[in-house]
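1. next come a sequence and a model predicted from it.
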Amino acid sequence: MLQTFRDLGMGKSHLQESIIAEANCIADSFINFNGQPFDPSPFLFSGAGNVIGSLCFGKRFEYEDPSFRRILAGLGQANVFKAHVQPLQSYPWLRFLPGRYRKLWHTVKDTSQYLLLFLRNIIEEHRKNYQETKTRDYIDAFFHRQREAGTTSTEVFQESSGIFHRGN
């Protein structure tokens, strides 16, 4: 995996340029507030998400993109879920009782399913536009490794997607 990230630009000027470009987008967003107080967190989270997204998906999302915003919000909710996971692990039946654990469970489940659909769409788009001679991002690198191994199976993705469907 480390070699794949090196192939995608880690430690090279390509990745550095991507980070600098995203930093400029964040700075431009800050300038739009004309010196007025504001919460920088959404812009910083979006910027970090875009740098990671450019490595994994080969594209940058606009900060106002509804899909991107929903995914970032879901990741924030995952942090809330982590803070409350111990009672659910000890007493899994709590997710079936009315109250905050049931609501939290359904929120995480819905967010996970949305994220899974989002990833499936991106992977399918990559599969359609795949070029053996070009590595745009981590997904393409995965396809390259599959071809080298002599398989085009989506078994790895299917196994990871099963995690989201267990315990419904």
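-> Yes, it's here.

2. where does this protein dip in pLDDT?
-> Along the chain, segments meeting pLDDT under 70 span 1-14, 152-168.

3. next one: the helix ranked longest in the chain to chain centre, how far?
-> Counting residues, the longest helix in the chain under DSSP state H turns out to be helix 100-128. Helix 100-128 sits 10 Å away from the centroid of its parent chain (Cα atoms, centre = their mean, to the nearest Å).

4. could you list the buried residues of the next helix or strand after it?
-> Counting by DSSP states H and E, the next helix or strand C-terminal to helix 100-128 is helix 138-149. When neighbours are counted by 16 or more other Cβ atoms under 10 Å, the buried residues of helix 138-149 are found to be 138-144. Using the backbone N, CA and C atoms, a C-beta is placed for each residue, glycine as well.

5. next one: stretch 20-28
-> Using 16+ other Cβ under 10 Å as the burial criterion, the residues of stretch 20-28 that qualify are 22, 25-26.

6. filter the residues you listed down to the ones in helices?
-> 22, 25-26.

7. and of those residues, the nearest to Asn121?
-> Glu22 (22.7 Å; Cβ to Cβ).

8. buried stuff in stretch 72-85?
-> For stretch 72-85, a neighbour-count test (16+ other Cβ under 10 Å) marks 72, 74, 78, 81 as buried.

9. contacts for it?
-> Under the contact criterion Cβ atoms under 8 Å, 6 or more residues apart in numbering, stretch 72-85 has outside partners 42, 45-46, 49, 100-101, 104, 107-108, 111-112, 114-115.

10. out of those, grab the one that's most surrounded.
-> Ranked by the number of neighbours (other Cβ atoms under 10 Å), the contacts of stretch 72-85 place Ser46 first, at 24 neighbours.

11. mind checking which helix or strand Leu75 is in?
-> helix 66-83.

12. and after that helix, which helix or strand comes next?
-> Next along from helix 66-83, by DSSP H and E: helix 85-90.

13. the closest residue in space to Ser67 that isn't next to it in sequence: neighbouring residues, count only.
-> Take Ser67 and drop its neighbours on the chain: the residue closest to it by Cβ to Cβ, 6 or more residues apart in numbering is Phe118, 6.2 Å away. Neighbour count of Phe118, defined by other Cβ under 10 Å: 16.

14. and the one 10 residues further on, by the same measure?
-> Here the neighbour count serves as a burial measure; for Lys128 (other Cβ under 10 Å) it reads 7.
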